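In: Predicted structure and sequence below. I'll ask about it afterward.
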Amino acid sequence: MYVKELFVDNFRNLQKQKIEFCEGINIFYGLNAQGKSNLLESIRLLSMGRSFRGSKTTELIKFGEDYFYVKAIICQENNDKKIEFGYKRNENKVIKVNGNKIKSTSELLGQLLTVIFSPEDLNIIKEGPSHRRKYLDSCISVVEKNYLYNLMQYNKILINRNKLLKTIKEGKSRSILEVFDDQLVEYGAKIIVVRQSYLKNVEINIKKFLLEISNETAEIVYLNSVGLKDASDEEIVKKRLKEKLLKNIDLDLKYLTTQVGPHREDFKIIINGYDSRVYSSQGQQRTVALCLKLSEFEILKKETGEKPILLLDDVMSELDENRKKYILERLQGFQTFITHTTKRDLKGDCYFKISNGVVIKE
Ligand code: ATP
Ligand code: MG
């Protein structure tokens, strides 16, 4: 698939305008703070329903205005698809696909397939477990239909279970806890099994990419909450999770939070035998992040049978010549959006200059 046309109105600093893209590599160049990342953010918003920079929807409205609207025309096997996202301050967001209003973000996922590469990807490697979980969940949500729903249900039950822990501590009976535990186990096991399978897939891909780019070995270790080396059997996972919940109840009551479950999980990326988070150099970590994204792209392509769109925000300046060449070769045949401060040293199919929120095609 590819984005044929984009229309933005009151989105960040971008001027109200319609932009037509080409099918191959689109290069956006301009000085700092002109609107390059904002443009990619508007496309990614139509793909995932939220900002890739973690901004709230209200923050996307142009300063001094009270709404924004973004629309894209996507081409897919000669079919045009229209996706719209509108938001007015203090009102609900409105998302439409081909003119039909959709009820939840999970219905949007899969409509416009994108993978974003940005310098912040390094945080997935460097930062704490919540960053990796968030990343993993967003990747899986696009390729596994019920995953986001299960995750949302799980989180809802978790909040209620934690509230219940408080009332038990205050003297209420424990008997109702089992009902919550059973529900938590039901959704939790589904999440764990899917994460296990996705990470296995990531491992296969990341191994290949890392070997080709830097001749290093890679391994992924899923630190699941049930302590299983292979958490792919849902019934076994359910049983183990239930046991773990029962075993930890005293700790749960002490801290008034649930100590075990998918909300506490993590995964490690082991490079040449060592945990990349702890032992890899900055450059190595950047390469691992790049390989992780390339894996995400491969899996998305394979699972959907579609050609995803690549959004590369400011990553070219951070890569050495070999890595740059490798990534550009892999992107052949896919629509790609690249932001860069200069037009030089990047070969694209079409170029756009961005200045003060105005995008001009050359
Ligand atoms: P860099 O090369 O530094 O990454 P960029 O071209 O990617 O720059 P953007 O991140 O797109 O820059 O931001 C462009 C400008 O948009 C910034 O000056 C920023 O302050 C401004 N901006 C951010 N949010 C809003 C908003 N809601 N309304 C208006 N302007 C905004
Ligand atoms: Mg930027």
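Out: Received the coordinates, thanks. Ligands and ions are numbered 1, 2, ... in the order given.
In: In the protein, spot the helix with the most residues.
Out: Criterion DSSP state H: the longest helix present in the chain is helix 177-214.
In: Which SSE is immediately downstream of that one?
Out: Sequence-wise, the next helix or strand downstream of helix 177-214 (DSSP states H and E) is strand 218-223.
In: Which strands or helices does that following strand pack on?
Out: Applying 3 or more C-beta pairs under 8 Å, 6 or more residues apart in numbering; DSSP states H and E, we find strand 218-223 packed against helix 177-214, strand 266-271. To be clear about C-beta, it is placed using only N, CA and C from the backbone, and glycine gets the same treatment.
In: which one of these lies closest to residue 315?
Out: Of all the helices and strands packed on strand 218-223, it is helix 177-214 that lies closest to residue 315, at 13.9 Å by C-beta to C-beta.
In: List the contacts of the residue nearest the centre of the chain.
Out: The residue lying closest to the centre of the chain (C-alpha atoms, centre = their mean) is residue 138, at 3.9 Å. Contact partners of residue 138, counting by C-beta atoms under 8 Å, 6 or more residues apart in numbering, are residue 48.
In: Output the helix or strand hosting it in PDB, but only the C-alpha positions, please.
Out: In this structure, residue 138 is located in helix 129-143 according to DSSP H and E. This file holds the C-alpha atoms of helix 129-143, laid out as PDB (Å, rounded to 0.1, in the frame of the first residue of the first chain):
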ATOM      1  CA  PRO A 129      10.600  -2.800  31.000                       C
ATOM      2  CA  SER A 130       7.500  -0.600  30.400                       C
ATOM      3  CA  HIS A 131       9.100   0.800  27.200                       C
ATOM      4  CA  ARG A 132       9.600  -2.700  25.800                       C
ATOM      5  CA  ARG A 133       6.100  -3.800  26.800                       C
ATOM      6  CA  LYS A 134       4.600  -0.800  25.300                       C
ATOM      7  CA  TYR A 135       6.500  -1.300  22.100                       C
ATOM      8  CA  LEU A 136       5.600  -5.000  22.000                       C
ATOM      9  CA  ASP A 137       2.000  -4.400  22.600                       C
ATOM     10  CA  SER A 138       1.700  -1.800  19.900                       C
ATOM     11  CA  CYS A 139       3.400  -4.100  17.300                       C
ATOM     12  CA  ILE A 140       1.200  -7.100  18.200                       C
ATOM     13  CA  SER A 141      -2.000  -5.100  18.200                       C
ATOM     14  CA  VAL A 142      -1.600  -4.500  14.500                       C
ATOM     15  CA  VAL A 143      -1.200  -8.100  13.500                       C
END
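In: picking up where we left off before, and the helices and strands packed on strand 218-223: which comes nearest ligand 1?
Out: Nearest of these to ligand 1, taken as C-beta to the nearest ligand atom: helix 177-214 at 24.9 Å.
In: by contact count, what packs against that closest one?
Out: Packing contacts for helix 177-214, counted by 3+ C-beta pairs under 8 Å, 6+ apart, involve helix 129-143, helix 147-169, strand 218-223, helix 234-247, strand 266-271, helix 282-304, helix 321-330.
In: Now do the SS call for the spatially closest residue to residue 29 that is not a sequence neighbour.
Out: Spatially, and ignoring its direct neighbours in sequence, residue 29 is nearest to residue 343 (4.7 Å; C-beta to C-beta, 6 or more residues apart in numbering). Here residue 343 is recorded as coil under DSSP: H, G, I helix; E, B strand; the rest coil.
In: contacting residues around residue 343?
Out: Residue 343 is in contact with 27, 29, 351, 353, counting by C-beta under 8 Å, 6+ apart.
In: Which element, helix or strand, includes residue 352?
Out: Per DSSP H and E: strand 350-355 holds residue 352.
In: Can I get that strand in PDB? Just the C-alpha atoms.
Out: What follows is strand 350-355, C-alpha atoms only, in PDB (Å, rounded to 0.1, in the frame of the first residue of the first chain):
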ATOM      1  CA  CYS A 350      10.800  12.700  -5.000                       C
ATOM      2  CA  TYR A 351      11.800  15.600  -2.800                       C
ATOM      3  CA  PHE A 352       9.900  18.000  -0.600                       C
ATOM      4  CA  LYS A 353      11.200  21.100   1.100                       C
ATOM      5  CA  ILE A 354       9.600  21.900   4.400                       C
ATOM      6  CA  SER A 355       9.800  25.500   5.700                       C
END
